[in-house]
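Student: What shape does this take:
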Amino acid sequence: MSAKTIKIRDLTLRDGQQSLFATRMSQEQVDRTLPFFKEAHFYAMEVWGGAVPDSIMRFLNEDPWNRLKKIKEGIGEASKLTALSRGRNLFGYNPYPEWVIEGFIKNAIADGVDILRIFDALNDLDNCKSSVEYCKKYGAIADGAICYTVDPVLEPKNFFDKILHRKQNKIFTTDYFVKKAKTFESMGANMVTLKDMAGLVTPKAAYDIISAFKKELSIPVDFHSHSTPGYGLASTLSAIIAGADIIDTNLFPFAGGPAAASFEIVYHFCKKLNIDVEADISVIPKLQEILMDIRKELKAYDQYPNNYPKMFDPQNPNLPAEVEKLFDNAINLTYKNKFDDALIVCQQIEAYFNFPAPDEAVRDAQIPGGMYTNMTSQLQQLKLEHLLPRVLKAVPKVRIDAGCVPLVTPTSQIVGSQAVNCILDENKDLPWYTTKNTQFIKLVEGAYGKTPVPIDPKFRKLITGSEQEKPYDTSTYMPFPNKEFPEYGNRKLYNNEKEQLLLELFPNVAEDFLKKRVELEYKKENETKLKELELKEQKKREAIQKEKEKYANMTPEEKQQRLLFGLYNYWSIQLEDIGESNYDDYDLN
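Tutor: All right, here's what the predicted structure looks like:
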């Protein structure tokens, strides 16, 4: 019997498809997997939040609330459904007032969310406080997630810069993350997660932080990472050995690269560690088969088309002896704290299973893969790709100026876009920050919350025109207007709280989505009325034809009588009564 158990939070239907396939899984594709996920009995499944609500409206014309409800119907109580929420930003990109935050959390829990993973891009936990409270109020588990990040490193220009860098105090230490975790616990969070969206946590850092969490906290600890720079699997192994209670994974076809580590590989490690993974492994091959079919259907969005992982049945792995030895070596090296060596071995394991190789550009730049892609795309559109190395060097400086913000959504996009602007300014012989994006101004102003390091008031004045910090002001928030459409029978854009909340978070996307719904409903109603009218007309035509046939078979005397009937009573006979009245009932005298 295993001495220890570990829980699995499966990310396949949210983070997995978002990381690899641009969140393009349709409801029909999701539905195919649900009976088998239900059998798997993972502790939790992350299925909603993040980019899902936006993407399925924008690209699939699907209702986010229906997606959640249908998954809940399919899974029932077999696994706890998780949604990812960005604190005061929820599933959108701007700070929202309390009535929006409470409304979204209340409705999400009512439709099936059991665990709400709550984080803030600045690690400003004041932005998460009310979300934790609403989780507890409406009966969900509050999962406080701390964003992992690393200190920005400026390229030294001379010898003295190198000396100064050595003496520079680190910000994002193990103690920093422990303090954040303890703050979440004091707020009432039921569990905490070290959430490494960029995949930058090294195996040693993962071991140190998870060990410290287990020592300092009395609530369960979850570990979440990605594999883009190549650390994901080794860091996950470190977290397991350090005592994490829950591990986030994806199933094989949706694992590796920008996504999280593979469940099957993690399970194989756990078997060797005598750790019981609380899930039904027998159904995994069937899930692999279905998910691989879906991956092939999503080929147009696949970051690695035709580069599929080499799958195996975790119950009956039948792996070559040399691969089994790699697993054993990785475990032994991690126990000996030889983390760099364990990393090399874990990367050899992933290479055997044909997972994408580490992205060295992302690793060296120490930024999230999505941020790297966005900056590259921005420069390509301007035909200025050759500026990318300079932009990558600008990122740490912009980040420091902005208060050393963690590089996660939405701050990674804000900092990345501003770094591009700075180099474009420099390329035109203009000072940095001549061109400022609106979101960067809001960040420096204080609208997103407190940055890890206070922003220099002089820099704030340069960017915003004032040295004074201006926190987000809910009194200025204007709800989205409920438009009426005279052309669609005066129907309104939204008719309930859920539709209104979609408009508050995703105004442009939701407006288009809901307007299409209005058009469709109007069209369906008109089609119904048209069908009813057509049916009525058809009955009239049939009645007239019936009377014609009846008249043709009459004797001359009967025709005479019928003629007199019509002459005397035409004024009182409705057309629809033809065929239903008996003219013998009328007095012709």
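Student: quick one: average pLDDT of stretch 268-282?
Tutor: Averaging pLDDT along stretch 268-282 yields 96.
Student: low pLDDT regions in the stretch 51-200 of the chain?
Tutor: 92-93, 155-168 (pLDDT under 70).
Student: Which stretches in it count as strands?
Tutor: With DSSP state E, counting those that start in this stretch, the ranges of strands along the stretch 51-200 of the chain come out as 80-85, 115-118, 141-147, 191-195.
Student: Over to the chain?
Tutor: For the chain, the strands defined by DSSP state E occupy 4-10, 44-49, 80-85, 115-118, 141-147, 191-195, 221-224, 246-249, 275-277, 484-485, 491-492.
Student: Now do the fifth one: which elements does it pack against?
Tutor: With contacts defined as 3 or more CB pairs under 8 Å, 6 or more residues apart in numbering; DSSP states H and E, strand 141-147 has these neighbours: strand 115-118, helix 129-138, helix 174-187, strand 191-195. Every residue, glycine included, has its C-beta placed from N, CA and C.
Student: neighbouring contacts of that strand?
Tutor: With contact meaning CB atoms under 8 Å, 6 or more residues apart in numbering, strand 141-147 is reached by 80, 82, 114-121, 123, 125, 128, 131-132, 135-136, 177, 180-181, 184-185, 187-195, 197, 222, 224, 406, 408.
Student: ok, back up a step: now, of the helices and strands packed on strand 141-147, which is deepest in the fold?
Tutor: strand 115-118 (a mean of 28; mean count of other CB atoms under 10 Å).
Student: Output that strand as CSV, restricted to C-alpha atoms.
Tutor: Extracted C-alpha coordinates of strand 115-118, given in CSV (Å, rounded to 0.1, in the frame of the first residue of the first chain):
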residue,chain,number,x,y,z
ILE,A,115,-13.0,25.5,-7.2
LEU,A,116,-12.1,29.1,-8.2
ARG,A,117,-8.4,29.6,-8.7
ILE,A,118,-7.8,33.3,-8.0
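Student: What helices and strands are in contact with that strand?
Tutor: Strand 115-118 packs on strand 44-49, strand 80-85, helix 98-110, helix 129-138, strand 141-147, strand 191-195, going by 3+ CB pairs under 8 Å, 6+ apart.
Student: related to what we said a few turns ago, right, and the strands of the chain - which one's nearest residue 380?
Tutor: Residue 380 lies closest to strand 141-147 among those, at 28.2 Å (CB to CB).
Student: distance of the nearest residue to residue 367 once chain neighbours are set aside from residue 201?
Tutor: In space, and not counting its chain neighbours, residue 367 is closest to residue 407: 5.6 Å by CB to CB, 6 or more residues apart in numbering. Distance, residue 407 to residue 201, using CB to CB, to the nearest Å: 13 Å.
Student: neighbour count winner among those two?
Tutor: residue 201 (31 against 25; other CB atoms under 10 Å).
Student: and this protein, what are its domains?
Tutor: 4-315+324-362, 367-472, 478-552, 554-589 (automatic domain parsing).
Student: From these, pick the one with the highest average neighbour count.
Tutor: Among the domains of the chain, highest average neighbours (mean count of other CB under 10 Å) belong to domain 4-315+324-362, with a mean of 20.
Student: distance between the ends of that domain?
Tutor: Across its full length, domain 4-315+324-362 reaches 35 Å between end residues, using CA to CA, to the nearest Å.
Student: quick one, helices of the stretch 151-300 of the chain?
Tutor: 159-167, 174-187, 203-216, 232-242, 263-272, 284-297 (DSSP state H, counting those that start in this stretch).
Student: To residue 458, which of these lies closest?
Tutor: Of those, nearest to residue 458 by CB to CB is helix 159-167, at 20.3 Å.
Student: which residues of the stretch 401-550 of the chain fall in helices?
Tutor: 411-427, 438-445, 457-464, 497-505, 507-552.
Student: now the last one and helix 497-505, what's the angle there?
Tutor: Taking axes from the mean of the first three to the mean of the last three CA atoms, to 10 degrees, helix 507-552 and helix 497-505 form an angle of 140 degrees between their directions.
Student: ok, back up a step: kindly reformat the strands of the chain as a markdown table and extend each row with distance to residue 374.
Tutor: Converted to a markdown table, the strands of the chain look like this (distance: least, CB to CB, whole Å):
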| stretch | distance to residue 374 |
| --- | --- |
| strand 4-10 | 27 |
| strand 44-49 | 20 |
| strand 80-85 | 19 |
| strand 115-118 | 23 |
| strand 141-147 | 18 |
| strand 191-195 | 20 |
| strand 221-224 | 21 |
| strand 246-249 | 24 |
| strand 275-277 | 36 |
| strand 484-485 | 36 |
| strand 491-492 | 36 |
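Student: who wins for proximity to residue 449 among these?
Tutor: So among the strands of the chain, strand 141-147 is nearest, using CB to CB, at 12.4 Å.
Student: That closest one - which strands sit beside it in the sheet, and in what orientation?
Tutor: Strand 141-147 has its sheet partners listed here by DSSP bridges as strand 115-118 (parallel), strand 191-195 (parallel).
Student: can you list those in a markdown table and add distance to residue 283?
Tutor: Listed next are these as a markdown table, based on distance: least, CB to CB, whole Å:
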| stretch | distance to residue 283 |
| --- | --- |
| strand 115-118 | 22 |
| strand 191-195 | 26 |
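Student: so which of those strands comes closest to residue 378?
Tutor: Between these, strand 191-195 lies closest to residue 378; by CB to CB that is 25.8 Å.
Student: to the chain's geometric centre, what's the distance from the closest one?
Tutor: Computed by CA atoms, centre = their mean, to the nearest Å, the chain-centroid distance of strand 191-195 equals 17 Å.
Student: neighbouring contacts of it?
Tutor: 115, 117, 119, 141-148, 177, 181, 184-185, 201, 206, 209-210, 213, 217, 219-224, 239, 245-246, 248.
Student: List the contacts of residue 379.
Tutor: Counting by CB under 8 Å, 6+ apart, residue 379 has contacts 385, 387, 388, 391, 420.
Student: how much space between the closest residue to the first one other than its chain neighbours and residue 258?
Tutor: Counting by CB to CB, 6+ apart, the nearest residue to residue 385 once its immediate chain neighbours are dropped is residue 379, at 5.1 Å. Note on residue 379: its distance to residue 258, by CB to CB, is 20 Å.
Student: go on, residue 18?
Tutor: From residue 18 to residue 258 the distance is 9 Å (CB to CB).
Student: picking that back up, okay, the helices of the stretch 151-300 of the chain in CSV with distance to residue 428 next?
Tutor: As requested, the helices of the stretch 151-300 of the chain are arranged in CSV below (distance: least, CB to CB, whole Å):
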stretch, distance to residue 428
helix 159-167, 26
helix 174-187, 38
helix 203-216, 40
helix 232-242, 40
helix 263-272, 49
helix 284-297, 44
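Student: out of those, nearest to residue 433?
Tutor: helix 159-167 (21.6 Å).
Student: picking that back up, turn the helices and strands packed on strand 115-118 into a markdown table, columns for distance to residue 325.
Tutor: Conversion of the helices and strands packed on strand 115-118 to a markdown table gives the following (distance: least, CB to CB, whole Å):
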| stretch | distance to residue 325 |
| --- | --- |
| strand 44-49 | 33 |
| strand 80-85 | 36 |
| helix 98-110 | 46 |
| helix 129-138 | 45 |
| strand 141-147 | 36 |
| strand 191-195 | 30 |
